[in-house]
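Chemist: Fold the stuff below for me.
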Amino acid sequence: MLLITEKGEYESFAELRADYILSQEDMALDPKHIQAKPWGDSLLHASDLGACPRKAMLRLLETPHKIQSSLTMANNQLMWWMGYRVHYLTYEAMDWAGILHSHERDLFDPPWSGSYDALFWPDFRDKDRLMGYDCKTTRPKGYNYAYSFPKEPHVIQVSGYGLKTPAVREWVIEYVYFGSTKPPVICVVNADEHEDKVLDAISGLELAKARMVDDPEELPPVMPEKLVAHYRKNPKQEDRSLVSVTYDCNWQCGYCPYVHTVPPKNDDDHYPAILPDSPCKPPWHEPLQVMKITKKRGVEYPAECPAGEDAVLAFYDSQLKTVPIIGGQDEEDD
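Modeler: Below you'll find the model as predicted:
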């Protein structure tokens, strides 16, 4: 998107950040904009709006997290630090360029909490047009699915901010790749289009919390399995074609601290056994390939899908058969 700033015009936040870094001015090594505040595990968060409601309830119950190796915990801290720096570097660059309105402002009252990343003017000359900004630092695997940005949970989250900021209807979600070897992806969301989903999510989480207070065993259901489309790069083309469909466990469960598993055997052990006393036991298995599409043999069904053949066919019909390569995606299969 075009940013018209006091320092010049930029086609992206990435170019704005780069120019700010090259300016060698007060870079965000120790961000002057920092407003440290506690996460607040006892509250519902705006980020819960599009996420697993069971996870939110387990957090409110102060459920212990799964045990992780010291190396995994160290890597998670590094990822948090990198994400933190990208956020504040962007705020600093916006401020330097004269387009930052505000950042990290609380919008919700208890029992909710949540603060937007930033509000900014895309054109510093037009103070009547204000937009919201939300930064998502993305794991490498996520970029294999960049054609599906923005992710629905993120859309609902920023639309929740929009519910609390009536003057700001357009929200930018910027997906920034860890390591910066792939260009960021920018998506613009109109909060008005998702207000019903936000209100449904708010009422659903508040109802789940009320039920849990009456009975701690009354938790929302586990995240269901889902069908996933896989694409392969077309030779000498800048796009991918649909080549298979798998029946997968929900990706959120793989990163959930309340799915307690035994330590993985190696880096390829993505589904180590769930412990008998795990507070959450979602479906947990390797992806099951239920459809395969080849030029020679057409559509094949390598395995029976537990959701049923009709569900597979309906999912196939709903998917794009070709998608563009976005953000410097790798060429190997998803």
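Chemist: Only C-alpha atoms from now on, for both contacts and neighbour counts.
Modeler: Noted.
Chemist: quick one: contacts of stretch 247-264?
Modeler: When contacts are defined by CA atoms under 8 Å, 6 or more residues apart in numbering, stretch 247-264 is touched by residues 52, 55, 58, 63-68, 223-228, 270-275, 277-290, 305.
Chemist: For it, measure first residue to last.
Modeler: Using CA to CA, to the nearest Å, the end-to-end distance of stretch 247-264 comes to 22 Å.
Chemist: do the same with stretch 64-73
Modeler: First residue to last in stretch 64-73 (CA to CA) measures 15 Å.
Chemist: wait, what's in contact with the residue lying closest to Pro324 once chain neighbours are set aside?
Modeler: Distances taken as CA to CA, 6 or more residues apart in numbering place Asp239 nearest to Pro324, at 4.2 Å, with adjacent residues excluded. Contacts for Asp239 (CA under 8 Å, 6+ apart) come out as 233, 322-325.
Chemist: of all those, which comes closest to Glu104?
Modeler: Ile325 (32.7 Å; CA to CA).
Chemist: so where's this protein shaky on pLDDT?
Modeler: When residues are selected by pLDDT under 70, those of the chain lie in 25-40, 142, 144, 179-180, 327-334.
Chemist: what about stretch 98-110, start to end distance?
Modeler: With CA to CA, one end of stretch 98-110 sits 33 Å from the other.
Chemist: So what touches it?
Modeler: 5-7, 35, 43, 91, 94, 113-124, 161, 164.
Chemist: Let's see that with 7 Å instead.
Modeler: 5-6, 43, 91, 94, 114-122, 124, 164 (CA atoms under 7 Å, 6 or more residues apart in numbering).
Chemist: Restricted to strands, list these.
Modeler: Under the assignment DSSP state E, those contribute 5, 118-120 to strands.
Chemist: Please dump the residues you listed into CSV; it should also carry neighbour count and distance to Val198 for every row.
Modeler: Below are the ones in strands among the contacts of stretch 98-110 laid out as CSV (neighbours: other CA atoms under 10 Å; distance: CA to CA, whole Å):
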residue, neighbour count, distance to Val198
Thr5, 21, 33
Ala118, 23, 20
Leu119, 23, 20
Phe120, 23, 23
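Chemist: which one of those is nearest Tyr301?
Modeler: Ala118 (47.3 Å).
Chemist: what sits against that closest one?
Modeler: Contact analysis of Ala118 by CA under 7 Å, 6+ apart lists 102-104, 132-134.
Chemist: Could you rerun that using 10 Å?
Modeler: 87-88, 90-91, 94, 100-105, 131-135, 171-172 (CA atoms under 10 Å, 6 or more residues apart in numbering).
Chemist: Spatially nearest residue to it, not counting backbone neighbours?
Modeler: Nearest residue to Ala118, sequence neighbours excluded (CA to CA, 6+ apart): His103, at 3.9 Å.
Chemist: again, but for Leu275
Modeler: That would be Thr261: by CA to CA, 6+ apart, it lies 5.2 Å from Leu275.
Chemist: Now do the strands in this structure.
Modeler: 3-5, 8-10, 44-45, 100-103, 112-113, 118-120, 131-138, 170-177, 185-190, 226-233, 239-248, 288-294, 298-300, 322-324.
Chemist: Dump those strands into CSV; add distance to Pro150 as well.
Modeler: Written out in CSV, the entries for these read as follows (distance: least, CA to CA, whole Å):
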stretch, distance to Pro150
strand 3-5, 20
strand 8-10, 22
strand 44-45, 20
strand 100-103, 21
strand 112-113, 23
strand 118-120, 18
strand 131-138, 10
strand 170-177, 7
strand 185-190, 6
strand 226-233, 16
strand 239-248, 18
strand 288-294, 25
strand 298-300, 29
strand 322-324, 14
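Chemist: Tell me which of these sits nearest to Gln77.
Modeler: Across the strands of the chain, closest to Gln77 is strand 131-138 (CA to CA), at 13.6 Å.
Chemist: What is the closest one packed up against?
Modeler: Here strand 131-138 touches helix 70-96, strand 100-103, strand 118-120, helix 152-164, strand 170-177, strand 185-190, going by 3 or more CA pairs under 10 Å, 6 or more residues apart in numbering; DSSP states H and E.
Chemist: Format those as CSV; extra columns: distance to Ala14.
Modeler: Converted to CSV, the helices and strands packed on strand 131-138 look like this (distance: least, CA to CA, whole Å):
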stretch, distance to Ala14
helix 70-96, 9
strand 100-103, 15
strand 118-120, 15
helix 152-164, 20
strand 170-177, 9
strand 185-190, 10
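Chemist: Just tell me which of those ends up closest to Gly204.
Modeler: helix 152-164 (13.6 Å).
Chemist: That closest one: which residues count as buried?
Modeler: 154-163 (16 or more other CA atoms under 10 Å).
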